[in-house]
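[1] Just to be clear, the model below is a prediction. Sequence and coordinates:
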Amino acid sequence: MLNLVTEPESQPAPAGVAAFFDLDKTVIAKSSTLAFSRPFFREGLINRRAVLKSTYAQFLFMLAGADADQMDRMRAHITSLCTGWDVEQVNAIVEETLHDIVDPLVYKEATQLIEEHKEQGHDVVVLSASGSEVVEPIARLLGATHTTASRMGVADGRYTGEVEFYCSAANKALAAEELAERHGYDLALCHAYSDSVTDLPLLEAVGHPIVINPDRKLRKEAVQRGWPSLAFEHPVSLRARIPTPSGTTITAAAVGMGAVAAAGAAWYGLRHRRRQS
């Protein structure tokens, strides 16, 4: 007996869509790496001078907006400090202090945008030049699907001081392309968000680039290319989504960050007066 029912041809699975987010000053209001200088000092990993240097950079980043070269130099400085650090100790410090330091720094507008992408069935991917030890816990807190960050070399459980992969500029676009190939994203349908002109290769790689709090050079590029630009201005707490630490922990963190900010302001004032004299 002949089978007259025609089997439907198999259709290829629809291409996936991802929203690629830069982290610093796009999702959170500070540099994720520099935000942890105080707890690293408290645990004896860096000295007071290093804390002041990173605090000063953070202070400029918050108030004036450090440019990409300044931030790269500061990350290189921190990378040099990491040589010989115990990896497990660093991971423990980040996990213990993550909520207190990063939680109040997340932009409300970013969390809303992330949720909108999730509601549309899009994957959320965090791409950052900061180290994976800091970026991955923050990405988990945000509910990201995938994460790619800079990776330090490790030998015998300690950092070698070498950078195995620096997730910045062209490398960030390469990371997005590799994720697209691995997870079936059509980059022409994907979205990318960043504040820095260093991420121009990433923004150019997707069909829907949007700039967030852009630096001067990226703002100029966005205007010339007709890319949308958004302003994120309201850091909020995500404590409704995560366990709340004890009051003592919150108070200690508040005091610590207040001291760091005061030190940065004092150093900035001293430097400014010296320049004027």
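    Happy to help now that I have it. Numbering: from 1, shown residues only.
[2] what's the burial count for Lys172?
    29 (other CB atoms under 10 Å). From N, CA and C alone the C-beta is placed, and that goes for glycine too.
[3] Can you tell me the SS state at it?
    helix (DSSP: H, G, I helix; E, B strand; the rest coil).
[4] Surely it and Asp199 touch.
    Yes. Assessed by CB atoms under 8 Å, Lys172 is found in contact with Asp199 at 6.0 Å.
[5] Next, give phi and psi for Lys108.
    When read as degrees, to the nearest 10, the backbone of Lys108 gives phi -60, psi -40.
[6] shared neighbours of Lys172 and Asp199, which are they?
    Asp22 (CB atoms under 8 Å, 6 or more residues apart in numbering).
[7] residue ranges with poor pLDDT in the stretch 51-200 of the chain?
    51-75, 77-79, 81, 99-104 (pLDDT under 70).
[8] Could I get the full set of strands for it?
    Taking DSSP state E, counting those that start in this stretch, the strands of the stretch 51-200 of the chain run over residues 106-107, 123-131, 146-155, 158-165, 191-194.
[9] Which of these sits closest to Ala19?
    strand 191-194 (4.4 Å; CB to CB).
[10] Which helix or strand lies directly C-terminal to the closest one?
    Scanning forward in sequence from strand 191-194 by DSSP states H and E, the next helix or strand is helix 200-205.
[11] Who are the packing partners of whatever helix or strand comes next after that next one?
    Moving toward the C-terminus from helix 200-205, the next helix or strand (DSSP H and E) is strand 208-212. Other helices and strands packing on strand 208-212, by 3 or more CB pairs under 8 Å, 6 or more residues apart in numbering; DSSP states H and E, are strand 191-194, helix 216-225, strand 229-230.
[12] Contacts for strand 208-212, please.
    So strand 208-212 is in contact with 22, 25-26, 110, 189-195, 203, 218-219, 222, 225, 227-232, going by CB under 8 Å, 6+ apart.
[13] if you set the cut-off to 7 Å instead, what comes out?
    26, 190-195, 203, 218, 222, 227-230, 232 (CB atoms under 7 Å, 6 or more residues apart in numbering).
[14] Starting from Thr198, give me the distance back to the nearest residue to Ala205 once chain neighbours are set aside.
    Distances taken as CB to CB, 6 or more residues apart in numbering place Ala173 nearest to Ala205, at 4.7 Å, with adjacent residues excluded. Separation of Ala173 from Thr198 (CB to CB, to the nearest Å): 11 Å.
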